[in-house]
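Colleague: Please work out how this folds:
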Amino acid sequence: DLLLLDLHMPGMDGFQVIERIRAREHGTGRRLFVVALTARSRAEDRERCLAAGMDGYLVKPLNSLALWAELERVSGADRWLDAAAMLAACGGEAAILDSLKASLRTWLPEILRRTQESVRHGDARALREAAHSLLGAVATVSSSAARLASALENAAEVGELNSAAALVGELEKEVDVILARIGAVTLERLAALTGNPAP
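Modeller: Below is the predicted model:
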């Protein structure tokens, strides 16, 4: 279910291993969760691991609390994603999926910025409009974000700006996750998560 992969091994290093693992998985709809283990702790080392296709990163010597926290984070890596909704939105077409991902990366930050400004200015009408736009943007990718956006729209409609501010804080976290992980979503991954055959 999950591989803890040391990056510094004799013969073949962790980057060569992950390259072969991801190559074998390509087109199968399967994905093994892989957490890198290394003594190097620079931010650029972590970014290199994630860019190579690893799902997590731990620094040695291992702390048991950090280990379990990372395993929990990685094992729940897809909780943010409504795979069925996204698969339906793109119709199983790779080009449409790519366009959808590009649109989310372009427009989500802008819609979230408008939402944040509306809360700061106490403008319930502008907040309701921004929340409605946000709901439309996230509904095809994340049911958890969509629920928050819907609740925010309802709060704005009745002028509950205090509860709206808390919802915006939760939405900021959800949008950060979407933007960080949307690039790795493929048709194969969506098919695997929904139990459908890969397109």
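Colleague: after the lowest-mean-pLDDT helix or strand in the chain comes which helix or strand?
Modeller: Least confident helix or strand of the chain, by mean pLDDT, DSSP states H and E, is helix 64-75 with a mean of 74. Of the helices and strands lying after helix 64-75 in sequence (DSSP states H and E), the nearest is helix 83-90.
Colleague: From the contact counts, what lies against that following helix?
Modeller: helix 94-120, helix 187-194 (3 or more CB pairs under 8 Å, 6 or more residues apart in numbering; DSSP states H and E). In this view, the C-beta of every residue, glycine as well, is placed from N, C-alpha and C.
Colleague: Indicate which one of the ones you listed is closest to residue 154.
Modeller: helix 94-120 (14.0 Å; CB to CB).
Colleague: Show me what the closest one is packed against.
Modeller: Packed next to helix 94-120, using 3+ CB pairs under 8 Å, 6+ apart, are helix 83-90, helix 124-138, helix 161-181, helix 187-194.
Colleague: can we see that at 7 Å?
Modeller: Helices and strands touching helix 94-120, by 3 or more CB pairs under 7 Å, 6 or more residues apart in numbering; DSSP states H and E, are helix 83-90, helix 124-138, helix 161-181.
Colleague: where are the low-confidence patches of this protein?
Modeller: 29, 72-78, 195-199 (pLDDT under 70).
Colleague: cutoff 80 now
Modeller: Counting by pLDDT under 80, the chain has low-confidence residues at 1, 26-31, 41, 43, 64-66, 68-79, 192-199.
Colleague: re earlier: mind putting the helices and strands packed on helix 83-90 in TSV, mean neighbour count included?
Modeller: TSV is the format used below for those (neighbours: other CB atoms under 10 Å):
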stretch	mean neighbour count
helix 94-120	16
helix 187-194	20
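Colleague: Any chance of JSON lines for those, columns distance to residue 8?
Modeller: Listed next are the helices and strands packed on helix 83-90 as JSON lines, based on distance: least, CB to CB, whole Å:
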{"stretch": "helix 94-120", "distance to residue 8": "34"}
{"stretch": "helix 187-194", "distance to residue 8": "29"}
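Colleague: Indicate which one of these is closest to residue 88.
Modeller: Using CB to CB, the nearest of the helices and strands packed on helix 83-90 to residue 88 is helix 187-194, at 9.4 Å.
Colleague: the inter-axis angle of the closest one versus helix 83-90?
Modeller: Calculated by axes from the mean of the first three to the mean of the last three CA atoms, to 10 degrees, helix 187-194 forms an angle of 140 degrees with helix 83-90.
Colleague: Show me what helix 187-194 is packed against.
Modeller: Secondary elements touching helix 187-194 (3+ CB pairs under 7 Å, 6+ apart): helix 83-90.
Colleague: tell me the angle of the helix it packs on relative to helix 94-120?
Modeller: Using the same axes, to 10 degrees: helix 83-90 against helix 94-120 is 110 degrees.
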